[in-house]
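[1] coords please:
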Amino acid sequence: MIRFLIAVDGSEPARRAVEAVAKLAREVTAGGFDALLLHVREPESLPGTLPPAPGQQLVEAQALRAQQSVLSEAQELAHLLGMTAVRTLGVQGPIAPEILRAAEREKVDQIVMGTRGMSALGNLLLGSVAQRVVHLSTLPVLLVR
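    Sure thing, here's the model as predicted:
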């Protein structure tokens, strides 16, 4: 059985990553496959001991709803593409390290992700998430354009 972790963020490249795994699953069905759709949301506030700002709970609730929406849409797409062995996981934290942690924890065989997500400013300031995952991962990483 091949186990995939597909990082999703609601972007078109993430959608294409789901499509790529669906295609692989159709072609490599002999041993079966399992897919985990992962969405990582970055913390809405800086860590520390300060009390939460007014409205912080509302902001976090909205971020959680957005995360669930991204995961639901990705799962629906996966099912439309014929993938039945699909699970979802939403976590919070720095994106690349959380992708790698989830891959290790879930014992996946391969990480699949789009090459560009939704945050151009984040890519400009911090570098590409995909680039960091490729650089730090001990697993094969499939990048989808």
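[2] can you map out the strands along the chain?
    Per DSSP state E, the chain has strands spanning 2-7, 33-41, 86-92, 110-114, 141-144. These are given in chain order.
[3] now mean pLDDT too, for those strands, in a markdown table please.
    What follows is the strands of the chain, written out as a markdown table (pLDDT from 0 to 100):
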| stretch | mean pLDDT |
| --- | --- |
| strand 2-7 | 96 |
| strand 33-41 | 95 |
| strand 86-92 | 97 |
| strand 110-114 | 96 |
| strand 141-144 | 94 |
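[4] distance of Q92 from L36?
    Here the distance between Q92 and L36 works out to 16 Å (C-beta to C-beta, to the nearest Å). In this view, the C-beta of every residue, glycine as well, is placed from N, C-alpha and C.
[5] let me fix that, I meant to ask about L64.
    The span separating L64 from L36 equals 19 Å under the rule C-beta to C-beta.
[6] more neighbours: which of those two?
    Each of L64 and L36 had its neighbours counted (other C-beta atoms under 10 Å), and the higher figure belongs to L36 (20 against 14).
[7] tell me which of the strands of the chain sits nearest to V70.
    strand 33-41 (4.9 Å; C-beta to C-beta).
[8] pairing partners for the closest one, with directions?
    Based on DSSP bridges, the pairing partners of strand 33-41 within the sheet are strand 2-7 (parallel), strand 86-92 (parallel).
[9] out of those, deepest packed?
    Most buried of these, by mean neighbour count (mean count of other C-beta atoms under 10 Å): strand 2-7, with a mean of 24.
[10] ok, and what's touching that strand?
    If you take C-beta atoms under 8 Å, 6 or more residues apart in numbering as the criterion, strand 2-7 is touched by 14, 17-18, 21, 24, 28, 31-40, 74, 99, 102-103, 106-114, 129, 133.
[11] can I get the CA coordinates of it in CSV?
    Provided in CSV are the C-alpha atoms of strand 2-7 (Å, rounded to 0.1, in the frame of the first residue of the first chain):
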residue,chain,number,x,y,z
ILE,A,2,1.2,3.5,-0.9
ARG,A,3,0.4,6.3,1.6
PHE,A,4,0.3,9.8,0.3
LEU,A,5,0.2,13.1,2.2
ILE,A,6,-1.3,15.8,0.0
ALA,A,7,-0.8,19.4,1.3
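[12] much appreciated, bye for now.
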